[in-house]
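1. Take this sequence and fold it.
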Amino acid sequence: PVMYLDTMVDSMLKGLDQQVASMRYNIMDVSLCVIMVYTLLPIGGIWAYVAIIFISELFNASLSIGRLLSVTGVQVKFCRWALQPIFCILGATSLSQILFGVLGIHFSYSSTSLFVHITVTTLCYLAFLKLTGGLSKEDIAWFRSIFSLKGSPKTPEITDGDAGRLQSRTRRTVSGKSEG
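-> Predicted coordinates:
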């Protein structure tokens, strides 16, 4: 997941005219990898190599995410974006295990059993999200629109004028001049 996240964030940075920053972070990452491979690989073998990849990806992703957040001005809502979903999924998996235990339903690797367990856990997760305020009416309406027969979900269209304004605003933000 971290490798995928890093790739997506790097792509976003390139789209925001931040190629130089992305390249700088990648050069720093490669330099760190070379040093760690030279020093740690002879000592730890394959386990050191796995640790090097893990550390390298976390290093690169954290630098890239930090840059993306500073360029876009997005404020991270850690509790709402990370802790709340984590606790909801922990609660959902625990509740579904308790339900299956009380009902005497044991997990097997059959496709039916797998489908039932995933469905019940997903419904519990959605219930916990709804109870904690993590699932809004707009989220539900958007999700329903995906499966409606009326057409695809409505997304705002970006015209050439909008794209120009977005690009101009991004350049002003990146150069340090704030938009009034």
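
2. In this protein, where is pLDDT below threshold?
-> 149-180 (pLDDT under 70).

3. Helices of that one, residue ranges please.
-> Under the criterion DSSP state H, helices of the chain are mapped to 2-15, 19-72, 78, 84-103, 111-131, 137-147, 160-174.

4. would you list the ones you listed in JSON lines and tack on mean neighbour count?
-> Quick note: C-beta positions are derived from backbone N, CA and C, even for glycine. As requested, the helices of the chain are exported to JSON lines (neighbours: other Cβ atoms under 10 Å):
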{"stretch": "helix 2-15", "mean neighbour count": "15"}
{"stretch": "helix 19-72", "mean neighbour count": "15"}
{"stretch": "helix 78", "mean neighbour count": "8"}
{"stretch": "helix 84-103", "mean neighbour count": "14"}
{"stretch": "helix 111-131", "mean neighbour count": "15"}
{"stretch": "helix 137-147", "mean neighbour count": "10"}
{"stretch": "helix 160-174", "mean neighbour count": "12"}
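
5. so what's the closest residue to Leu95 other than its chain neighbours up against?
-> Closest residue to Leu95 in three dimensions, ignoring its sequence neighbours and counting by Cβ to Cβ, 6 or more residues apart in numbering: Cys124, at 4.9 Å. Cys124 sits next to Gly91, Ala92, Thr93, Leu95, Ser96 when contact means Cβ atoms under 8 Å, 6 or more residues apart in numbering.

6. Quickly note the distance from Cys124 to Ser62.
-> Taking Cβ to Cβ, to the nearest Å as the measure, Cys124 falls 32 Å from Ser62.

7. now Arg80
-> Taken as Cβ to Cβ, the span from Arg80 to Ser62 is 20 Å.

8. cool, and Leu99?
-> 38 Å.

9. phi, psi of the residue of the chain most remote from its centre?
-> Most distant residue from the mean C-alpha position of the chain: Gly104, 35.9 Å away (Cα atoms, centre = their mean). Main-chain dihedrals, Gly104, degrees, to the nearest 10: phi 70, psi 20.

10. who's in contact with it?
-> Gly104 makes contact with no residue, according to Cβ under 8 Å, 6+ apart.

11. can you tell me which residues contact Ser62?
-> Here Ser62 is in contact with no residue (Cβ under 8 Å, 6+ apart).

12. and if we set it to 10 Å?
-> Taking Cβ atoms under 10 Å, 6 or more residues apart in numbering, we find Ser62 in contact with Val2, Asp6, Val9, Tyr25.

13. The last one and Ser56 touch, don't they?
-> This means Tyr25. No. Tyr25 is beyond contact range of Ser56, at 11.1 Å (criterion: Cβ atoms under 10 Å).

14. Spit out the residues that contact the two alike.
-> Asp6.
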